Each structure stands twice: as C-alpha cells, then as structure tokens.
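Colleague: Here's a sequence, model it:
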Amino acid sequence: MSAGGQSPPTSALKIGLLLPPGEPDAPAILQGARRGAEHATRELGREVELVVRGNPGQWGTEGDDAVALALDEGAQALIAPTAGTAAHQVLQVAGRTRIPVVSLCSDSSVTSAGIPWTVRIAPRTDEEAAAVLTALKRIRASEGNANGNAGGSLRVAAFVPAERAGREAAKDLRTAAATAAVELAEPIQVLTNTEPASVVAAAIAFKPEVILLWLDAAQAGRLAKALRGAGFTGRLAGHSRLCSRVFSETAGKEVASGVVFALPSPGPRLGGASSGASPQNAGAGVEAAPPGDEAVRGSKQHLPMLVRDWTLPEPTNALPSLAAALAFDATRLLAHVLHRAGDEPPFREFPLTWTLPGATGELAFDRSGNRQQALEVVEWAQDGLRVLARGSRSSGDAERRLPAP
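Modeller: Numbering: from 1, shown residues only. Got it, this is the predicted structure:
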C-alpha cells in the first residue's frame with residue numbers, strides 16, 4: 001500500500017540496532033529496544049524482529065556492523081547508538097541504502113548530515129544545555145537581586161568525553177553558552193580511565209558556579225562525587241541520560257540530589273494523558289516553574305509508566321533510565337514507519353508529518369528530523385524531580401496523529 005496506509009500483517013518487520021561494545025548505556029538501550037519490539041508486535045498485530053550487532057568479537061568496526069545489519073541481516077530500518085562516531089557511520093550506510101534511521105545520539109550534527117530519512121529522538125545537546133544554563137542563570141539573578149547583588153556573568157566549566165565525541169559535545173556546549181549568554185571555560189576532555197582527582201582541580205581552578213557533566217552516567221557519577229569531595233559547592237548539571245539509576249548509585253543519592261538536567265516535557269504519551277505543559281503551547285524560551293507543590297513531581301509521573309522512579313523499588317515492568325525509554329520509542333516509531341509504508345520503500349514516509357504518543361512524550365519531528373518537544377529543567381530532590389523551569393516546543397511540521405492501532 002502507499003505511504004500512510006495500513007499494510008496487512010504479513011511478513012515480519014525487521015529493525016536493526018547497532019550497539020558497540022563501548023556504548024555506556026548498552027544494557028538499558030537493549031532492554032528498551034526489546035520491550036519496544038514486543039509492544040509494537042502487540043499493537044500492530046505483526047511481528048517486529050529486533051536484530052542486534054556490535055557485541056565484542058563480532059565484525060570489525062561499527063561501520064561493518066551497520067553494513068551487516070542492512071545487507072546481511074536484512075534490516076529494514078536502523079537504530080543508531082548514543083555515540084556520535086558510531087551514529088555517523090550508521091548515517092553513511094543509510095545514505096547509500098535509503099534505510100530509515102532513528103538516532104539516539106544527541107549531537108546536533110546528526111540531523112545536519114543531510115540524510116532525509118533520519119530523525120533524532122533524543123534531546124539535542126545544545127538545546128538541553130541552553131535550557132539548563134538559561135534556567136540556572138535566571139535562578140542566580142533572582143537570588144542575587146534578592147540579596148542586592150546581581151553579579152557578573154555566570155561562570156561555567158564542563159567535562160566532556162575524549163576525541164570526536166568530546167569535540168562534538170564541546171561544540172554544542174559552546175553554542176548553548178552563547179545562547180544563554182554565560183561564560184564557559186574550555187571544556188575538559190576526560191578519558192575513560194581518567195582518575196577524577198586529576199581533572200577536578202582544573203575545573204575548580206576556573207572558579208565556576210556551575211559544572212556541566214556531559215559524560216556517561218557512571219563517569220559523571222564518579223566526577224560528581226569527587227567534585228563534592230574536593231569542596232565544590234556550586235551547581236552540578238548534565239544531560240538527560242543522567243536520569244538513571246547508574247548515575248544516582250555511582251554518585252550516591254546525597255550527591256545526586258540537586259543535580260540539574262533537562263528532560264522531555266510530558267506531552268501526549270503512551271499509557272496516559274499529559275501531566276505537564278502542553279507541547280502545543282506557543283512561545284519561545286524558558287519559563288520559571290510555579291512555586292510550591294506544583295513544582296515537584298515524582299519521576300514516574302514525569303517520565304512514563306515504563307521508567308522506574310529512581311527513589312522507589314524497581315517495578316516489574318520498569319525500564320532503568322531515559323536511555324531505555326528513548327530506545328523503546330525508537331523501536332516503536334520505526335515499526336510504525338515500516339508498517340505504514342506497506343509495499344512502498346519506507347524512506348518515502350519521510351519527513352514524518354504525523355505524530356505518535358510515546359513513552360517519552362509525543363514523537364513529533366520537523367522536516368530536518370529534529371525532535372519537536374518542550375524541555376523541562378529539573379533537579380533531583382529526595383521526593384522526586386523538582387521542576388525549575390519549563391520551555392516550549394519550537395514550531396514543527398507535524399500535521400496529523402497516527403491512528404490508534
């Protein structure tokens with residue numbers, strides 16, 4: 001059938017997941033993708049098969065694995081991992097084969113690669129960081145005005161990964177700093193085996209008021225703990241993937257409490273109605289959150305039913321992190337793309353002009369493949385997630401909602 005139609009439940013839909021050995025969120029991503037395939041199978045009445053490549057000892061490089069998924073395994077669509085290098089190798093394969101890709105990588109370069117049948121489902125690094133820095137700058141100004149001291153520019157230090165991943169993150173953080181009009185020191189690259197003490201002193205020497213932890217959850221947790229141990233009393237902040245049990249357990253709940261990051265604002269989502277600001281609310285920038293009890297919600301409310309509350313015991317149907325929930329949504333989204341395409345090449349479904357309720361909120365994208373969703377700036381508190389500021393979704397091209405299966 002043509003794009004937008006419903007094809008009969010006949011052959012299995014095959015989705016490839018590239019998961020390199022060095023992927024820090026690999027267990028959570030794999031769990032989320034598998035659950036997404038199971039859910040899509042039930043809701044579409046058609047088998048959704050997940051094929052995974054990237055285990056140690058298999059093939060040579062991420063590029064080889066991506067080619068194997070597309071050509072040898074017969075994957076009709078691909079999920080790219082969080083690492084920028086691997087994600088771009090998947091995009092190279094997609095460019096040659098016209099296989100649709102959903103990327104878990106937050107780098108802004110993903111959707112600037114010019115592959116029309118690619119979308120990025122994760123919040124973009126520069127948007128996340130700008131939202132966080134803008135919110136913290138406003139909080140600082142408010143506190144300064146209350147004390148009669150407006151102060152100068154907000155001083156920010158940052159830790160990023162080594163090599164290409166770090167360069168991409170640093171570039172996006174500089175863009176975010178310019179957007180928020182804050183003073184950002186040169187981001188510090190951190191190797192996988194770096195001892196926290198060896199880089200903590202360099203960050204503190206800048207006398208920052210905020211330190212950004214743009215690293216994997218475990219490494220960010222170790223650095224957060226080391227920074228507090230070294231006497232840093234300013235704000236700690238990071239990307240949305242720090243919303244995970246790995247980070248809270250590595251840092252310790254006392255250190256994790258107060259860490260700030262941005263999360264997708266609850267919009268139309270799988271399993272329930274919105275509990276937050278509607279993505280249809282127009283307007284730009286970040287608004288202050290309401291005071292009092294309205295500004296506090298448990299993370300099980302903020303994220304979907306499928307993601308565990310970090311303060312509660314693990315429910316039997318939970319996923320361990322936002323990374324897992326994004327993988328769940330990526331798998332379901334691709335399954336719907338393939339199902340809707342029917343006998344037509346699935347790349348013709350792009351750009352996606354329909355939306356789909358997801359575990360992380362509404363799955364809506366602009367014509368460049370950027371996720372169209374508001375972000376909320378939150379901090380971890382002992383009673384859940386405290387909302388510090390709310391943003392609004394930029395205008396997108398979504399036109400119609402996918403009918404319920």
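Colleague: The stretch 101-250 of the chain: helices as residue ranges?
Modeller: Assigned by DSSP state H, counting those that start in this stretch, the stretch 101-250 of the chain shows helices spanning 125-146, 163-180, 196-205, 217-229, 245-251.
Colleague: The following helix or strand past the last one: which residues count as buried?
Modeller: Think helix 245-251. Tracing the chain C-terminally past helix 245-251 and defining elements by DSSP states H and E, one meets helix 253-256 next. By 16 or more other Cβ atoms under 10 Å, the buried positions in helix 253-256 come out as 255-256. (C-beta placed from N, C-alpha, C; glycine too.)
Colleague: Next: stretch 109-121.
Modeller: Judged by neighbour count using 16+ other Cβ under 10 Å, the buried positions of stretch 109-121 are 109-111, 113, 115, 117-121.
Colleague: For those, work out which two are farthest apart.
Modeller: The span of the buried residues of stretch 109-121, defined through Cβ to Cβ, is set by 109 and 117 at 16.8 Å.
Colleague: and this protein, what are its domains?
Modeller: Per the record, the chain has its domains at 13-124+317-372, 125-303+375-391, by automatic domain parsing.
Colleague: and those, which is most packed in?
Modeller: For these, the largest average neighbour count (mean count of other Cβ atoms under 10 Å) is found in domain 13-124+317-372, namely a mean of 22.
Colleague: Just give me how far that domain sits from the chain centre.
Modeller: 13 Å (Cα atoms, centre = their mean, to the nearest Å).
Colleague: For the residue nearest the centre of the chain, grab phi and psi.
Modeller: Centroid check for the chain by Cα atoms, centre = their mean gives residue 122 as the closest residue, at 3.4 Å. With angles defined as degrees, to the nearest 10, residue 122 sits at phi -80, psi 150.
Colleague: Nearest spatial neighbour of it, chain-adjacent residues omitted?
Modeller: residue 106 (4.6 Å; Cβ to Cβ, 6 or more residues apart in numbering).
Colleague: residues in contact with that neighbour?
Modeller: 82, 120, 122-125, 128, 172, 239 (Cβ atoms under 8 Å, 6 or more residues apart in numbering).
Colleague: which among the residues you listed gets closest to residue 326?
Modeller: For those, with residue 326 as the reference and Cβ to Cβ as the criterion, the closest is residue 122, at 5.6 Å.
Colleague: So what would you say the end-to-end distance of stretch 228-238 is?
Modeller: 15 Å (Cα to Cα, to the nearest Å).
Colleague: What average pLDDT does it get?
Modeller: For stretch 228-238, mean pLDDT rounds to 96.
Colleague: try stretch 375-386
Modeller: Across stretch 375-386, the average pLDDT comes to 82.
Colleague: start to end distance for it?
Modeller: End-to-end distance for stretch 375-386: 14 Å, by Cα to Cα.
Colleague: next one: stretch 182-189
Modeller: One end of stretch 182-189 to the other measures 20 Å (Cα to Cα).
Colleague: Repeat that for stretch 74-92.
Modeller: 17 Å.
Colleague: for the record, mean pLDDT for it?
Modeller: For stretch 74-92, the mean confidence score works out to 86.
Colleague: Then stretch 164-183?
Modeller: Across stretch 164-183, the average pLDDT comes to 94.
Colleague: who touches it?
Modeller: The contact list for stretch 164-183 (Cβ under 8 Å, 6+ apart) reads 83-85, 106-109, 124-130, 133-134, 137, 153-156, 158, 160-161, 184, 186-187, 189-190, 210, 212, 214.
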